[in-house]
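> just the structure for this:
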Amino acid sequence: MNRRHFLSLTTAAAFAAVIVLGACGDDSGDADATPGTSAEATTDAITIDGAWARTSPMMAGTGAAYFTITSSVDDVLLGASVDPAIAGSIQLHETKMATATTMTGDSAMTGDSMAPMMEMAPVDRITLPAGSPVALAPGGLHLMLLDLQAPLEAGQTFTLTVTLDEAGTRDVQVTVRDDAP
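Residues are numbered from 1 along each chain as shown. Alright, predicted model coming up:
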């Protein structure tokens, strides 16, 4: 075999190795990945567990619903809706410690100090960090059912539809209970 033919074969083999190794690279993607690559192929899986609503007193016009929600990607819970036969509307709410600047009406005052009080306030959205469960639970974030059409009774079930920024809408089956599961 002459030297010229050997160099041609060596060059061809090296070129083939570069092509084969390039095809075997990892598919982890990066921030500059082009559309259609694995960096954009993730799905927005939503898991909603333990959905329940507390029973309501006979004359109550409001109720609350709770669950734990987990998203596989960063997302935002924007709101919820329910059949008008259950409630007139739903708001995202948060229960938090009231401060002197947020309290209204008759507040419990003793001398220069104020007795600690909790208040519920609407929130515009609930952030769902990827992979981190977010609990909507008594004493924290929750869904407030306004203008109940009838009392919520233990054993009753109804469907809420939650709206998420990335994942769209999801139906959630809610069971009414006296106490948290």
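
> mind checking what helix or strand follows the helix or strand of the chain with the lowest mean pLDDT in sequence?
Using mean pLDDT, DSSP states H and E, the weakest-scoring helix or strand in the chain turns out to be helix 3-23, at a mean of 38. If you walk from helix 3-23 toward the C-terminus, the next helix or strand you reach (DSSP states H and E) is strand 46-54.

> list the buried residues in whichever helix or strand comes after that next one.
Counting by DSSP H and E, the next helix or strand C-terminal to strand 46-54 is strand 62-71. Taking 16 or more other C-beta atoms under 10 Å as the neighbour-count basis, strand 62-71 is seen to contain the buried residues 63-67, 69-71. C-beta: built from backbone N, CA, C; applies to glycine.

> so which of these comes closest to Leu141?
Compare each of those with Leu141 using C-beta to C-beta and the shortest gap goes to Tyr66, at 8.6 Å.

> ok, the closest one - contacts?
Contacts for Tyr66 (C-beta atoms under 8 Å, 6 or more residues apart in numbering) come out as 50-54, 135-138, 142-143, 180.
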